[in-house]
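A.B. asks: give me the fold of what follows.
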Amino acid sequence: MRVTSSLLSLHAALAALALAGGAAAQTKSPFVPGTPGTQRPGLAPSSALPAQALGTTAATPALPTAAALGAPRVSVWNGVTRVNLDLPAGANATFTPTSAGLRLDVRGVSAAPTVIENLGANLTTYRVSAAAGSVTIIVGTPYPLGLDDGWRAASTPVTGGGSLLTLEFGGSVRGGAVGIVGAEVRTTPPAAAIPPGDAHSGQVVTPPTLPPLPGASPTSANTTSGRVPGTPQAGAQLTAPRVGKNPGLTRAVLDLPPGVSFRVTPSGTALRVDVTGAGAATMSAQNVSPELGAWRVDPSGSGAVVTFITPTPLAARSGWRSLLLPPVAGSDRSRLALDFSPALADLTPLPAAERTLAFIPPVQNLTLASAGGASDAFAPGAPAVSTPARVVIDAGHGGVDPGAIGTVTEKAVTLDVALRVRDLLRGAGVDVVMTRDRDTQISTNKNADLAARAALASAPANLFVSIHVNSMDRSTMLRGYGVETWWYPNNPNSSTLARNLQNRVVGVTGAYSRGTKNSQPLYVLRYARVPAALVEIGYASHPVDGLNLQSDAYLERVAVGIAQGIRDTLLQGITK
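C.D. replies: Residues are numbered from 1 along each chain as shown. Next up is the predicted model:
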């Protein structure tokens with residue numbers, strides 16, 4: 001419900017580790033993009049870094065035929081980190097994006113070996129190594145880069161010859177080096193020796209066509225078993241899982257030899273992978289990441305068993321994802337990519353039979369008091385009458401009020417889900433009242449708008465349900481994911497409605513359950529006169545939850561869960 005900054009695209013980040021055959025593990029701290037309009041302290045736009053920050057070691061003699069490369073000028077603006085380099089006339093660069101940064105091989109220049117640390121959220125290091133007539137620059141990032149994803153390069157001619165090379169880094173940055181005439185973008189580092197101390201050696205970039213985020217495709221599902229193509233190899237051995245850490249998600253990759261079979265089984269807080277046809281030595285690792293507590297490899301009678309331990313329970317289709325990817329060029333090993341995050345929900349489409357709601361019988365309502373009484377008061381001793389249940393569905397925010405802004409915009413998602421809930425309830429015989437059915441608001445004044453919504457939560461309505469999207473401040477956004485439902489003791493049955501909604505939505509989506517809460521007197525609940533609840537269906541500020549909220553299958557599941565929770569409450573007869 002609170003506003004947050006926009007988030008990085010996870011597709012390149014999730015795919016890069018699995019696509020990097022033999023890549024080193026990504027162990028940097030999670031990337032959190034900057035808030036638009038803010039600037040990192042100490043890095044003014046287009047200002048040069050102070051000399052003492054360069055960490056320059058003893059300079060090697062400058063080559064007589066190569067001009068010296070100057071120090072980088074770094075600035076941060078609107079969540080994008082910019083690095084400016086002055087290149088002399090005749091210099092040219094080759095770009096190699098990797099799973100941990102950008103490598104530049106610049107020919108026609110010389111430089112002293114240099115290391116700069118702590119460049120901000122988008123950059124971790126700036127490392128320079130020199131060779132005969134060329135310089136290799138490694139710009140480290142805490143998230144993987146694609147061929148044109150996560151970075152952008154531009155070259156501007158300057159007076160007197162030479163050019164200004166501008167590199168931009170950020171989760172929302174796209175373009176790569178496409179705009180530079182004659183630029184070469186490689187998918188593997190050059191054959192020459194990797195400079196000493198280069199932590200990115202051997203890493204390979206993702207190809208132009210990225211595999212889909214496991215579970216995000218409408219037709220995709222977890223790969224729980226299969227056989228790797230090819231002829232089995234005698235004596236084939238598994239290597240240790242390769243692990244990459246991304247914001248809110250950890251990916252482990254098993255490199256599987258040709259001909260082996262595998263089966264993936266979630267159970268409690270463990271995910272077990274049985275591999276048949278390849279042996280393994282006993283290996284293990286502890287405290288891997290917030291999403292992956294440990295992993296262990298053990299030999300078995302038919303091959304090997306790999307066990308991953310997670311801090312939260314796994315379900316059949318949530319808490320984890322798996323995808324079998326073909327080998328990269330030059331390798332014969334397929335890659336079983338396993339993603340771990342409590343925020344991973346079930347994104348498989350619901351069968352048609354589960355996208356409907358069973359008929360809801362009319363409810364017994366008391367006759368309202370006469371016109372002289374309160375409009376929502378029941379007449380003492382009046383007989384009950386049977387009428388179709390009436391439910392008020394409130395799509396949070398709208399119009400001039402966007403609500404939370406992150407991977408999605410709250411007002412758009414809440415309206416989408418509310419319309420789905422309306423159609424499900426009407427199909428089951430319920431009289432549905434919408435606080436809005438388009439991108440508008442009841443009043444442009446926030447307080448008046450809230451009061452008008454709360455006023456609809458009164459007789460002859462039986463229930464009031466408000467739908468919202470959650471968010472957290474960007475400094476703590478990785479802590480926020482899952483579904484929670486709020487209630488207020490305005491009515492003794494509000495807690496039951498909240499519990500029914502929470503149980504059903506979590507049950508249908510597989511989303512992480514944050515439970516029911518009543519510690520805040522939310523306006524539309526506090527002033528409701530009938531049982532009322534407010535359901536937060538996910539976090540726009542969380543990189544994984546945000547992807548859930550972009551999934552049509554997830555929103556459909558949320559709507560079905562809300563409709564089922566409303567039906568449960570109406571059938572329990574606690575609508576007064």
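
A.B. asks: so where's the stretch 251-400 of the chain shaky on pLDDT?
C.D. replies: 366-384 (pLDDT under 70).

A.B. asks: for it, which segments are assigned as strands?
C.D. replies: 261-267, 270-276, 283-286, 294-299, 303-309, 320-325, 334-340, 363-366, 384-387, 390-395 (DSSP state E, counting those that start in this stretch).

A.B. asks: residue 517 reaches residue 486, doesn't it?
C.D. replies: Yes. Using CB atoms under 8 Å, residue 517 is in contact with residue 486, at 5.3 Å. C-beta: built from backbone N, CA, C; applies to glycine.

A.B. asks: neighbour count winner among the two?
C.D. replies: Regarding residue 517 and residue 486, a neighbour count based on other CB atoms under 10 Å identifies residue 486 as having more, with 24 against 16.

A.B. asks: contact partners for that one?
C.D. replies: 498, 516-518, 520, 522, 525, 533-536 (CB atoms under 8 Å, 6 or more residues apart in numbering).

A.B. asks: what do you get for residue 465?
C.D. replies: Neighbours of residue 465 in contact, by CB under 8 Å, 6+ apart: 391-394, 421, 497, 501, 532-535, 562, 566.

A.B. asks: what does the model give it for pLDDT?
C.D. replies: On pLDDT, residue 465 comes in at 98.

A.B. asks: what do you get for residue 136?
C.D. replies: pLDDT, residue 136: 90.

A.B. asks: tell me how far it lies from residue 127.
C.D. replies: 8 Å (CB to CB, to the nearest Å).

A.B. asks: buried sites along the longest helix seen in the chain?
C.D. replies: When the chain is parsed with DSSP state H, its longest helix is helix 552-571. Across helix 552-571, burial judged by 16 or more other CB atoms under 10 Å covers 553-570.

A.B. asks: in this structure, what secondary structure element scores lowest on mean pLDDT?
C.D. replies: helix 10-19 (a mean of 48; mean pLDDT, DSSP states H and E).

A.B. asks: which strands and helices sit next to the next helix or strand after that helix?
C.D. replies: Note on helix 10-19: by DSSP states H and E, the next helix or strand toward the C-terminus is strand 67-68. If you count contacts as 3 or more CB pairs under 8 Å, 6 or more residues apart in numbering; DSSP states H and E, strand 67-68 packs onto strand 109-110.

A.B. asks: neighbouring strands - and their directions - for the strand it packs on?
C.D. replies: strand 67-68 (parallel) (DSSP bridges).

A.B. asks: next helix or strand past the partner strand?
C.D. replies: Moving toward the C-terminus from strand 67-68, the next element (DSSP H and E) is strand 73-77.

A.B. asks: next secondary structure element downstream of that next one?
C.D. replies: Next in line after strand 73-77, if elements are assigned by DSSP H and E, sits strand 80-87.

A.B. asks: any stretches of the stretch 101-250 of the chain with poor pLDDT?
C.D. replies: In the stretch 101-250 of the chain, residues with pLDDT under 70: 118, 120-121, 143-144, 178-179, 181-183, 186-223.

A.B. asks: remind me, longest strand of this protein?
C.D. replies: strand 163-174 (DSSP state E).

A.B. asks: neighbouring strands - and their directions - for the following helix or strand past that strand?
C.D. replies: Helices and strands here follow DSSP H and E; after strand 163-174, the next one along the chain is strand 184-185. Sheet pairing of strand 184-185 (DSSP bridges) gives strand 92-98 (parallel).

A.B. asks: what separation do you get for the residue lying closest to residue 89 once chain neighbours are set aside and residue 83?
C.D. replies: Nearest in space to residue 89, with sequence neighbours left out and distances taken as CB to CB, 6 or more residues apart in numbering, is residue 161 at 3.6 Å. Counting by CB to CB, the gap from residue 161 to residue 83 is 21 Å.

A.B. asks: neighbour-wise, which of these two wins?
C.D. replies: Between residue 161 and residue 83, counted using other CB under 10 Å, residue 83 has the larger neighbour count: 23 against 10.

A.B. asks: hmm, the more buried one is touching residue 164, no?
C.D. replies: No. Look at residue 83 against residue 164 with CB under 8 Å: they stay out of range, at 11.0 Å.

A.B. asks: roughly how far does residue 91 sit from residue 457?
C.D. replies: Relative to residue 457, and taking CB to CB, residue 91 is found at 68 Å.

A.B. asks: more crowded one of those two?
C.D. replies: With neighbours defined as other CB under 10 Å, residue 91 and residue 457 compare such that residue 457 has more, 26 against 20.

A.B. asks: can I take it that that one is in a strand?
C.D. replies: No. Residue 457 is assigned coil when assessed by DSSP: H, G, I helix; E, B strand; the rest coil, not a strand.
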